[in-house]
Structures are given as C-alpha cells and as structure tokens.
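In: I need the structure of the sequence given here:
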Amino acid sequence: MIEKSAYKARYWHLLDDGRMQCDLCPRDCKLHDGQRGVCFVRKREGDQMILTTYGRSSGFCIDPIEKKPLNHFYPGSSVLSFGTAGCNLACKFCQNWDISKSRDMDQLMDQASPAAIAAAAEEYDCKSVAFTYNDPVIFAEYAMDVADACHARGIQAVAVTAGYMHHQARRDFYAKMDAANVDLKAFTEAFYFKLTGSQLQPVLDTLRYLKHETNVWFEITTLLIPGQNDSNQEITAMCQWIRKELGMDVPLHFSAFHPDYKMPDIPATPVSTLIRARNIALAEGLQYVYTGNVHHQEGDTTFCPGCQAPLIVRDWYQIRQYRLTPDAHCPDCGAAISGRFDAQSGDFGRKRIPIAIGNYT
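Out: So this is what the prediction gives:
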C-alpha cells in the first residue's frame, strides 16, 4: 500500500486571495479548496496539493524502445511503459484520448509503487522504463520517484512528453531522466492555441533546455495532420529552427495522424506527406529524420551522416541490420553517430507484452 503522504504534490503556492496556484506548467491553474487543475489529477485539499494518481497506472506493457519513438537510445532494447490518467493539454487530435482525457480512473487503475515498477523492469530485463501514454509532466512526482528506484537497479528512465512545464519543475524533472521524446506538435502559435489549448514557446524553451543544460538524450516527434501543420513553409521553418537552436544531429520523427477524438473528419496522413516532410528536413541539413506510424523502411533506417551508408536497418520495430562500431561510429567512413548505443543492438523486436505489477516489491 502506498502511504498517503506520498501523494503530496510539489510546485504550488498560495495567492493573496486565498486560492492556490499550481506552478507545474504554464496553465497556472488557480484552485479553491476541493478543485482540480485542468489536468484533472492535481487537486487542492485544504492548504495542500495532492497528486491523485500517485502509484496508479492505466496499465503496464513492455514495448520496443523504437515505439516511443527513440531510434538512437539503445536500439532494439525493451522498455517497460506506463501512464496514468489526465493531461495538461487539450489536443483535439489526441491519439490516446481514452487515457489522457479520462475523468473516472482514480479508483480503477492498477496500483504500483516505484519500487515495484523498478523490480518488474529488472525481472523482465528491460533496459529502461518509459512514462508515456499520457504526459508524465502531470505526474512528475511519481515519475521522478520511479526514476530514482530504477536508477538504483541500473535501469534508465524515459519521458515521452509534450514538454509543457515551468522552469523549476523542468529542472527537477529532467535531472531524473536519461532520455526523452518531446512532441513538437506544430510550429505556429495559432495551431497550439486552437488545437491544443496551450502555447508553443514553453515547448521550445524545454527543447533548448534539454540541449544546452542537460545530458538527457532526446528526440523530437511531430504528428503531421493534413491541412493543419503539414505545409512546406511550416515544416521548413521548424527544421531551420531545430538546426539553429538544437543542432543537426537531433533525431526528428514525422508521424502519421489517424482520425480520432474531436477530429474524426480529418483524413489520415498519407505516406507521401511524411516522405515530403522527411525530404525537406534532410534538405535543411538535419541528419537523422524518420517516418512513423507507417511502414516505410527508408524512413525507419538510420543512415550515416557522412557517407549515407545504412547503419541501422529497421522493419517496423525489428532491427534487421546493425552496423555500428563498438564506439558508435560508421564502419565505412568513421563518422560518429549521435545517441546512446551498446556494442550490439537488442533483439526485442516488435513484441508488445502486457504485464501486471502487483506481485513485485
């Protein structure tokens, strides 16, 4: 059983008018007693804020790390993945809306302490644990405690996130993370405001912070939605910003949208759109550009930035060829390949294994 004291949340202060302001993310929710923030999981109780989903999950699965997606973080390895309920964004195109938009999961979710999650990850020989399915920003205290428990067993911690958080929380959170995939949902403030109910600038601040003030390995994903964020002009501007502010070696994933949630009438993203976006990014000088949610082997493959030789060939999430030297260089031209790599790739493949955590201590 998880102690009640563990539910106490950080990142808040009392206002002069008696309300409590949450300082976790730029929404700055101001709460009266008994109210919850927009994320739904951070709640004021008296003069304390609690995290209602601490120790509770929407379910646990072992996935390939490439599914997060992270192509340069121990390719072929397995990752124990889980999320909770709620989200601090309001994306009309949410692809996991049944979890992130849930309002009735507080009492229904699987319970698991940080120690139990780390023990299960070790038992199943997972290289890492990923906070995913919904945004770990909103359950930051739980995620950080899980990361500490994992590190004690030599297991890595991975955040899959929209990157929407305030500076102090950002510093604390990423001090515990080894890798992240950040959703850069578009490159206009209008898109963020109209389709996510949030702002672009804090996400750009998170990306800059990760690059210049941490050792966290990170990759970027952009879900391309037909007619919304897939123009040549916007993709070009985004790629130019990435190269200038983050560097040409940050992997970028263009992922396919499928009709869901509040945008069921928008068609699925054609493969041709992803290929067009990838070609633009490569032309702008980005070295590692991938396509996702579609079967496109060229867009799954890691090519050498020096001689363009295929080095890590993937078929969906299966590693078909792994041609890196033990110190992560191209065996043909000697160019260094950015990322975190073992001498050999993992062999987890395309499996997805649901597991229960309750028996681990």
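In: Quick check: the closest residue to Lys30 other than its chain neighbours vs Tyr11, distance?
Out: Excluding its sequence neighbours, the residue lying closest to Lys30 (CB to CB, 6 or more residues apart in numbering) is Arg19, at 4.5 Å. For the C-beta atoms, the positions are set from N, CA and C on the backbone; glycine is no exception. As judged by CB to CB, to the nearest Å, Arg19 and Tyr11 stand 15 Å apart.
In: more crowded one of those two?
Out: In this view Arg19 and Tyr11 are compared by other CB atoms under 10 Å, and Tyr11 has more residues nearby, 19 against 14.
In: residues in contact with that one?
Out: By CB atoms under 8 Å, 6 or more residues apart in numbering, the contact set of Tyr11 is Cys22, Asp23, Leu24, Met49, Ala140, His166, Gln168, Ala169.
In: Report the buried members of those.
Out: Among these, those scoring as buried are Cys22, Asp23, Leu24, Met49, Ala140, His166, Ala169 (criterion: 16 or more other CB atoms under 10 Å).
In: The residues you listed in helices, which ones?
Out: The helices, defined by DSSP state H, take in Ala140, Ala169 from those.
In: Out of the buried ones among the contacts of Tyr11, list just those in strands.
Out: Among the buried ones among the contacts of Tyr11, the members falling in strands are Cys22, Met49 (criterion: DSSP state E).
In: which one is His258 nearest to, not counting chain neighbours?
Out: In this structure, His258 finds its nearest non-sequential neighbour in Ala268, 4.9 Å apart by CB to CB, 6+ apart.
In: That neighbour in helix, strand or coil?
Out: coil (DSSP: H, G, I helix; E, B strand; the rest coil).
In: Same check on Asn215?
Out: Secondary structure of Asn215, per three-state DSSP, is coil.
In: Start at 590, not 1
Out: In the new count, where the first residue is 590, that last one comes out as Asn804.
In: so where's this structure uncertain?
Out: For the chain, the stretches with pLDDT under 70 are 590-595, 684-698, 947-950.
In: per-domain residue ranges of it.
Out: As given by automatic domain parsing, the domain ranges for the chain are 596-640, 645-944.
In: how long is the first one end to end?
Out: The reference is to domain 596-640. 5 Å (CA to CA, to the nearest Å).
In: what's the most buried one of the domains of the chain?
Out: When you average the neighbours per residue for each of the domains of the chain (mean count of other CB atoms under 10 Å), domain 645-944 leads with a mean of 19.
In: Next, the contact list for Ala917, please.
Out: Ala925, Ile926, Gly928, Phe930.
In: how about a cut-off of 6 Å?
Out: Residues in contact with Ala917 (CB atoms under 6 Å, 6 or more residues apart in numbering) are Ile926, Phe930.
In: Any figure for the gap between it and Ala925?
Out: Ala917 is 7 Å from Ala925, by CB to CB.
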